[in-house]
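In: Okay, structure incoming, though there's no sequence with it:
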């Protein structure tokens, strides 16, 4: 039975939440204070320790990467890729903690991008842009770049506890020019409003967290991807661009922005969403294949054949899936 408000259980929960918040703040401060190579090495070491401490998760990562690398990959190569994935994840957290919008070298020396013209042209059309990303590399620096060229991103985050920690995460990204919407009942409406005003929305699109996504083929096996990117583009007329931000040599980052996916209406919205999401799955495959060791999906990503997922919502008299809760802040 829950403890009454203000009782010992409540105080314990509050204390635990504050401890988590202070741990994140303290770790981030330490990573910022250390020289960059030392911070990256420390974060990589912590991630590798996590791999050792949680063999079940390590097996999940290996299973996901085996899908990407193919069934004939040898075990030594797979082990190296799994280890590199944990190291890359540690670097992601180190990069996120150390991103400083006042750093003059952040974009001048450490950033390159292929396909920038695709974003700029799509944004200039005035119908909005949906950027669909896999969990790859360090996407926040891409948000900082987009803001620097006049197209700040709007994204979505699932609120976490304690609330102070969520506010801190949001403030970190807003300092980079990234607008963060907390996931809620009005999220889809706010995203659509942003797009209709010509804004840019960024959504992670390679994992169906809610379990109510669209069934697709991904690396030769059936799974589900969130419907949100396709639904938003089809409903608003926004361009849908696949993209990813990769770690490069040293402390550099490189982004790839793909060609727009065809989001022209061809029939009922549900069928169009399925078609567009399948096309997006193919583009995400290509982005992930460029650097599978940077793919930060540490949860099972291919459900069993008996998994049915959640219900699909409807929009008026059209049997289209509702926009799910796409988690864009990991």
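Out: Sure, I can see it. Worth saying up front: this structure is predicted, and the values here are computed from it rather than measured.
In: longest strand of the protein?
Out: strand 239-247 (DSSP state E).
In: looking just at contacts, which helices and strands does the helix or strand following that strand meet?
Out: Heading C-terminal from strand 239-247, the first helix or strand you meet, by DSSP states H and E, is strand 253-257. Here strand 253-257 touches strand 111-114, helix 116-124, helix 140-148, strand 239-247, going by 3 or more C-beta pairs under 8 Å, 6 or more residues apart in numbering; DSSP states H and E. In short, each C-beta sits where N, CA and C put it, glycine included.
In: What angle do strand 253-257 and the helix or strand just after strand 253-257 make with each other?
Out: For strand 253-257, the following helix or strand on the C-terminal side (DSSP H and E) is helix 269-289. With axes from the mean of the first three to the mean of the last three C-alpha atoms, to 10 degrees as the basis, helix 269-289 and strand 253-257 are set at 150 degrees to each other.
In: now for helix 269-289, which elements pack on it?
Out: So helix 269-289, by 3+ C-beta pairs under 8 Å, 6+ apart, packs with strand 129-133, strand 214-218, strand 221-225, helix 228-236, strand 239-247.
In: Relative to residue 106, how far out is residue 287?
Out: According to C-beta to C-beta, to the nearest Å, residue 287 stands 23 Å off from residue 106.
In: returning to that earlier point: looking at the helices and strands packed on helix 269-289, which one is packed in the most?
Out: By mean neighbour count, with neighbours taken as mean count of other C-beta atoms under 10 Å, strand 129-133 ranks first of those at a mean of 28.
In: Strand partners (parallel or antiparallel) of it?
Out: Using DSSP bridges, strand 129-133 pairs in its sheet with strand 200-204 (parallel), strand 239-247 (parallel).
In: Export the ones you listed to CSV and append columns for distance to residue 256 and mean pLDDT.
Out: Shown next, in CSV, are the strands paired with strand 129-133 (distance: least, C-beta to C-beta, whole Å; pLDDT from 0 to 100):
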stretch, distance to residue 256, mean pLDDT
strand 200-204, 14, 96
strand 239-247, 6, 97
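In: Among those strands, which comes closest to residue 64?
Out: Between residue 64 and those, the tightest spacing by C-beta to C-beta is seen for strand 200-204, at 15.1 Å.
In: Go ahead and name everything in contact with that closest one.
Out: Here strand 200-204 makes contact (C-beta atoms under 8 Å, 6 or more residues apart in numbering) with 119, 123, 128-135, 139, 142-143, 146, 151-156, 178, 191, 194-195, 226, 228-229, 232, 238, 326-328, 330.
In: among these, which ones are buried?
Out: For the contacts of strand 200-204, a burial check counting by 16 or more other C-beta atoms under 10 Å picks out 119, 123, 128-135, 139, 142-143, 146, 151-156, 178, 191, 194-195, 226, 228-229, 232, 238, 326-328.
In: Out of the strands paired with strand 129-133, flag the one nearest residue 84.
Out: Across the strands paired with strand 129-133, closest to residue 84 is strand 239-247 (C-beta to C-beta), at 10.3 Å.
In: So which of the helices and strands packed on strand 253-257 is nearest residue 26?
Out: Using C-beta to C-beta, the nearest of the helices and strands packed on strand 253-257 to residue 26 is helix 140-148, at 20.1 Å.
In: between the longest strand of the chain and helix 228-236, what angle do the directions make?
Out: 150 degrees.
In: how big is the angle separating strand 239-247 from helix 140-148?
Out: 130 degrees.
In: State the separation between strand 239-247 and the centre of the chain it belongs to.
Out: Centre-to-centre, strand 239-247 and its host chain are 10 Å apart (C-alpha atoms, centre = their mean, to the nearest Å).
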